[in-house]
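[1] My questions are about this predicted structure, shown below with the sequence.
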Amino acid sequence: MAETFESVAPATGEVLATFPRSTAADVDRAVQAAKAAFEEWRLVPAPERGNVLFRFAELLRAHKDELADLMTREMGKVKAEAGGDVQEAIDMSYYMGGEGRRLFGQTTPSELRDKFMMSVRMPIGVVGAITPWNFPIAIPSWKLAPALVCGNAVVLKPAEDTPLLAQRFVELLAEAGIPDGVVNVVHGFGEEAGDALVRHPDVPVISFTGSRETGIAVTKAAADRLKHVHLELGGKNAIIVMDDADVDLAVEGIVWSAFGTTGQRCTAASRVIVHEAVYGELQSKLVAAAERLRLGPGWEDETDVGPLINRAALEKVHSYTEIGKNEGAKLLTGGEPYANGGGLYYRPTVFADAEPDMRIAQEEIFGPTTALIPVAGFDEAVAAANAVRFGLSSSIYTRDVNRAFRAMRDLQTGITYVNAGTTGAEVHLPFGGTKETGNGHREAGQAALDVFTEWKSVYVDYSGKLQRAQIDNAERPAPR
Ligand code: UN1
């Protein structure tokens, strides 16, 4: 009998479904199916591949409510955010569907006569996509939509916390007309199914979203075969609030970015760097706003903040409350679990008087905890924002256009917001981070195509004779 694992609702502890725990042999079968299907799929005209994604987007629209509802149960986020998660997948599928009629390369003149040259994007083969539970529909679409329109086949290994949503995702892709074998799913755990996928010799591309530590392990495991590895890892994102900011607007942005999705976003604002002139005002307004948030199951209309994903997450978040207190930061509110019908709730937590080098200001917590760091001016604020190993998102609240532009230039992150929080990336700009948030790749936008294609440069000589580049044209007149 194959081993199994359960999908459990974080708001109630209820078992939603049981899934087979995929082994290395299962992964191998999935990869072989993908490898065979790739040979057909790569030859399907790209606009036709795009049409499948358009149909997928339409199916996601038709099933948006059902998927959002399931997401409130399996993952726990609140209904409006669950709808937003599905909407990201709809938008990404339409956007990448349209790429089927672009996938632009370049043409450029040759240095020789009667010779034509161009670059074209080529699909690579089987993509191994390893996705997290926090955006259980959106992130699979960020990886699969571009991978598929570019002509690759995929083996998807979704997080073990959200297998039901992943299952619905691939069922709808099949209904949209993805041929058999082009998309395959394996379920289970990173050490087993994930590791087998990353090491499989017939999987040349790995796209992984998850923790920094797992990203390093993935990179090492993929190194022996020099695989292409795309990584989307942690964040320790800061919101800077300057003395000239609209403090009420900043508080709204902080509440949304720090406590939305219960802080379980890689773009969550887990640091707030505040000019001392508005530090007192911001503290009291933020605490009042945090204490107004209602905790409960994601499917209830009144809920602002849902549960954490699992017990290990709850324990980790609580351990950082202890760490923050021991480091000497001042706990202003929260800092404890909240009992409600067996759900894994944690009170929105705000620390004040944090130093930039404290662990609560350096390490990714992935929960509803944020730390206020007071500063005396702009330069100190930017230095504090940059003083972390991660570089995903950043934000500044200011009404001074010069400061805003300096911040856009100097904040060392892949994404910077002005007068908005650190979350809410749209699908048609590149998404990803600098430093240890990744390895230089981006997903979403045009940049995603670089992960899922190889450039091929093509030269066509129609002169009918041997022309030798760099030799037959060596005598160029010097420009005057
Ligand atoms: C993530 O947390 O991994 O910008 C993705 C945002 C969302 C995506 C977050 N659109 O916060």
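    Cool, got the structure.

[2] Near the ligand, which residues of the stretch 151-300 of the chain are found?
    T209, R265, C266, T267 (C-beta under 6 Å from any ligand atom). Heads up, the C-betas are built off the backbone N, CA and C, glycines and all.

[3] The closest residue to the first one other than its chain neighbours: neighbour count?
    By the measure of C-beta to C-beta, 6 or more residues apart in numbering, the closest residue to T209 outside its immediate chain neighbours is E232, 4.1 Å from it. A total of 28 residues lie near E232 under the criterion other C-beta atoms under 10 Å.

[4] now the strands for the stretch 151-300 of the chain?
    Counting by DSSP state E, counting those that start in this stretch, the stretch 151-300 of the chain has strands at residues 153-158, 183-185, 205-209, 228-232, 237-241, 269-275.

[5] hang on, I meant the stretch 1-150 of the chain
    In the stretch 1-150 of the chain, strands defined by DSSP E, counting those that start in this stretch lie at 4-8, 15-20, 106-109, 115-123, 126-131, listed in chain order.

[6] Using JSON lines, please lay out the ones you listed together with mean neighbour count.
    Converted to JSON lines, the strands of the stretch 1-150 of the chain look like this (neighbours: other C-beta atoms under 10 Å):
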{"stretch": "strand 4-8", "mean neighbour count": "16"}
{"stretch": "strand 15-20", "mean neighbour count": "14"}
{"stretch": "strand 106-109", "mean neighbour count": "10"}
{"stretch": "strand 115-123", "mean neighbour count": "16"}
{"stretch": "strand 126-131", "mean neighbour count": "28"}
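
[7] Excluding covalently adjacent residues, which one is nearest to G342?
    Going by C-beta to C-beta, 6+ apart, G342 has G13 as its nearest residue, at 4.7 Å.

[8] quick one: pLDDT of the one you found?
    Looking at G13, its pLDDT stands at 95.

[9] what's the answer for R480, then?
    65.

[10] ok so, going back, for the strands of the stretch 1-150 of the chain, give me JSON lines that also has distance to the ligand.
    Shown next, in JSON lines, are these (distance: least, C-beta to the nearest ligand atom, whole Å):
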{"stretch": "strand 4-8", "distance to the ligand": "20"}
{"stretch": "strand 15-20", "distance to the ligand": "22"}
{"stretch": "strand 106-109", "distance to the ligand": "30"}
{"stretch": "strand 115-123", "distance to the ligand": "25"}
{"stretch": "strand 126-131", "distance to the ligand": "9"}
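
[11] how about a markdown table for these, with distance to M358 added?
    Shown next, in a markdown table, are the strands of the stretch 1-150 of the chain (distance: least, C-beta to C-beta, whole Å):
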| stretch | distance to M358 |
| --- | --- |
| strand 4-8 | 33 |
| strand 15-20 | 38 |
| strand 106-109 | 49 |
| strand 115-123 | 46 |
| strand 126-131 | 31 |
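
[12] which one of the ones you listed lies closest to T321?
    Nearest to T321 among those is strand 4-8; the distance by C-beta to C-beta comes to 24.0 Å.

[13] The closest one - contacts with which helices or strands?
    If you count contacts as 3 or more C-beta pairs under 8 Å, 6 or more residues apart in numbering; DSSP states H and E, strand 4-8 packs onto strand 15-20, helix 163-176.

[14] most neighbours per residue, which of these?
    Neighbour counts (mean count of other C-beta atoms under 10 Å) averaged over each of the helices and strands packed on strand 4-8 peak at helix 163-176, with a mean of 20.

[15] average model confidence for that helix?
    The model assigns helix 163-176 a mean pLDDT of 98.

[16] Can you dump the C-alpha atoms of it in CSV for me?
    Taking C-alpha atoms only, helix 163-176 is exported to CSV below (Å, rounded to 0.1, in the frame of the first residue of the first chain):
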residue,chain,number,x,y,z
PRO,A,163,-2.6,19.4,-2.4
LEU,A,164,-6.3,19.8,-3.0
LEU,A,165,-6.0,23.2,-4.6
ALA,A,166,-3.1,22.0,-6.8
GLN,A,167,-5.2,19.1,-7.8
ARG,A,168,-8.0,21.4,-8.9
PHE,A,169,-5.5,23.6,-10.7
VAL,A,170,-4.2,20.7,-12.9
GLU,A,171,-7.7,19.3,-13.5
LEU,A,172,-8.8,22.7,-14.9
LEU,A,173,-5.7,22.8,-17.1
ALA,A,174,-6.6,19.4,-18.5
GLU,A,175,-10.2,20.7,-19.1
ALA,A,176,-8.7,23.7,-20.9
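
[17] how big is the angle separating it from strand 153-158?
    160 degrees (axes from the mean of the first three to the mean of the last three C-alpha atoms, to 10 degrees).

[18] other SSEs contacting helix 163-176?
    strand 4-8, strand 15-20, helix 46-62, helix 64-74, helix 138-149, strand 153-158, strand 183-185.

[19] of all these, which lies closest to P348?
    Closest among the helices and strands packed on helix 163-176, once you apply C-beta to C-beta, is helix 64-74, at 18.8 Å.

[20] Tell me the buried residues in that closest one?
    Within helix 64-74, the residues that qualify as buried are K64, L67, A68, D69, L70, M71, T72, R73, E74, counting by 16 or more other C-beta atoms under 10 Å.

[21] between these, which is closest to the ligand?
    Checking the buried residues of helix 64-74 against the ligand by C-beta to the nearest ligand atom gives M71 as the nearest, at 14.0 Å.

[22] Not counting sequence-adjacent ones, nearest residue to the closest one?
    M71 sits nearest to A82 (C-beta to C-beta, 6+ apart), 3.8 Å away.

[23] That neighbour reaches A68, doesn't it?
    Yes - if you go by C-beta atoms under 8 Å, A82 and A68 touch, sitting 3.9 Å apart.

[24] how close does N386 get to the ligand?
    20 Å (C-beta to the nearest ligand atom, to the nearest Å).

[25] What residues does the residue nearest to that residue when sequence neighbours are not counted make contact with?
    Of all residues not flanking N386 in the chain, Q412 sits nearest, at 4.8 Å (C-beta to C-beta, 6+ apart). Under the criterion of C-beta atoms under 8 Å, 6 or more residues apart in numbering, the neighbours of Q412 are N386, G391, T434, K435.
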